[in-house]
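K.L.:
heads up, no residue letters with this:
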């Protein structure tokens, strides 16, 4: 979804979806990420993970959630 809460008109490329699943080791359930997608450059910058494999992470601090995000990929 975009900042206005609407679905993006353009879907993430399948290769980007596969890479997200790989680097985050997604298995099941919903995962909610806070990210900026630069569509013209086909780049995605991850800032936060709010829900991971169905587990809500509100009880964690931002630095604790930051540690969950991959650094290099």
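P.N.:
That came through fine. Everything numeric here is computed off the predicted structure, so don't read it as measured data. Numbers count the residues shown, from 1 in each chain.

K.L.:
From here on, just use CA atoms for contacts and neighbour counts.
P.N.:
Will do.

K.L.:
all strands for the protein, in order.
P.N.:
Ranges of strands within the chain are 32-38, 43-52, 55-56, based on DSSP state E.

K.L.:
Nearest to residue 7 among those would be which one?
P.N.:
strand 32-38 (12.9 Å; CA to CA).

K.L.:
What angle do strand 43-52 and that closest one make with each other?
P.N.:
170 degrees (axes from the mean of the first three to the mean of the last three CA atoms, to 10 degrees).

K.L.:
Show me what counts as buried in strand 32-38.
P.N.:
Buried residues in strand 32-38, counted by 16 or more other CA atoms under 10 Å: none are found.

K.L.:
Check which helices and strands it sits against.
P.N.:
The contact analysis (3 or more CA pairs under 8 Å, 6 or more residues apart in numbering; DSSP states H and E) places strand 32-38 against strand 43-52.

K.L.:
Give me the contacts around the strand it packs on.
P.N.:
The contact list for strand 43-52 (CA atoms under 8 Å, 6 or more residues apart in numbering) reads 26, 29-38, 56-58, 62, 65-66, 68-69.

K.L.:
And for stretch 63-73?
P.N.:
The contact list for stretch 63-73, computed with CA under 8 Å, 6+ apart, reads 23, 24, 46, 47, 48, 49, 50, 57.

K.L.:
and those as CSV, adding pLDDT, neighbour count and distance to residue 2?
P.N.:
Formatted as CSV, the contacts of stretch 63-73 follow (pLDDT from 0 to 100; neighbours: other CA atoms under 10 Å; distance: CA to CA, whole Å):
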residue, pLDDT, neighbour count, distance to residue 2
23, 86, 13, 22
24, 84, 15, 21
46, 90, 16, 14
47, 91, 14, 15
48, 93, 18, 15
49, 92, 21, 16
50, 93, 18, 16
57, 95, 15, 21
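
K.L.:
In the beta-sheet assignment, what are the partners of residue 48?
P.N.:
Listed by DSSP bridges, the beta-bridge partners for residue 48 are residue 34.

K.L.:
show me where this protein has helices.
P.N.:
Listed in chain order, the helices of the chain (DSSP state H) span 14-24, 62-68.
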